[in-house]
Structure formats: C-alpha cells, structure tokens
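Asker: Compute the structure for the input listed below.
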Amino acid sequence: MERAGVESPIKALAEYVARFADVTAWDVGPWPSLQEEAERRDRIKAVSADMVVLADVSRARPVRYSEFLELLGKLHALGSVPTNDQVMAVADAFHRAENAS
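Answerer: Prediction:
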C-alpha cells in the first residue's frame, strides 16, 4: 500500500522531538543527575533519528502506522511527548494514504 504523504509529518514530528530533547517529563523518583539527563536526551535523539529513517524509507516502500506507533511509544517511555497536533498530522497522513489506495 502506497504511503505517499507520510514523510513530511513524520519528519516534522522527529525534528520537534530532537529540538526539545532536553524537555522531558520525569514522573517518578528523584530529580535526574546531569548524566541521566544527558543519557535520556541522547536516547530521545536516537529515536528521533529512527523516525527520520522511517520517513525516508516511506519513499521507497510502504510503511505501517504500527512502525510509527512503536517509535512514538519509545518516546513516551523516555518522557518525550510530542504535541497532539503533530501526532494527529501523522495519523491523518496515514489515513489519507490508506484511503487513497
């Protein structure tokens, strides 16, 4: 199934996540050390890079929404929460691509 149109919103979300990788939610435990903050930031940026790869791959092969959701789940687990508008833009792009086929 062709996934034309998903590349741009995925990249936009990934770029936002990378830009704000220092801004995360810590929901349990004591305040993180500087090392813990740096490690979390690096992991968030790595997931963001994986999203860019997924977006690039969408030009060559159909990508599944579940592939995006897996990466989004990793971000959430790290305390990185993209905006609802960004996540909905990706979901809408997948929906449009699915309905176009």
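Asker: neighbours around Asp92, how many?
Answerer: Using other C-beta atoms under 10 Å, Asp92 has 13 other residues around it. Yep, even glycine has a C-beta here, placed from its N, CA and C like the rest.
Asker: for the helix or strand where it lies, packing partners?
Answerer: Counting by DSSP states H and E, the element that carries Asp92 is helix 84-100. Contacts defined by 3 or more C-beta pairs under 8 Å, 6 or more residues apart in numbering; DSSP states H and E place helix 84-100 against helix 7-19, helix 65-77.
Asker: which other residues reach the first one?
Answerer: So the one you mean is helix 7-19. 44-45, 47-49, 51-52, 54-56, 58-59, 68, 75, 80, 82-83, 86-87, 89-90, 92-93 (C-beta atoms under 8 Å, 6 or more residues apart in numbering).
Asker: For it, buried residues please.
Answerer: Neighbour-count burial for helix 7-19, counted by 16 or more other C-beta atoms under 10 Å, picks out Glu7, Pro9, Ile10, Lys11, Ala12, Leu13, Ala14, Val17, Ala18.
Asker: Redo these as TSV? Include distance to Glu37 and pLDDT.
Answerer: Listed next are the buried residues of helix 7-19 as TSV, based on distance: C-beta to C-beta, whole Å; pLDDT from 0 to 100:
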residue	distance to Glu37	pLDDT
Glu7	31	96
Pro9	28	97
Ile10	26	97
Lys11	25	97
Ala12	25	97
Leu13	22	97
Ala14	20	97
Val17	16	95
Ala18	15	96
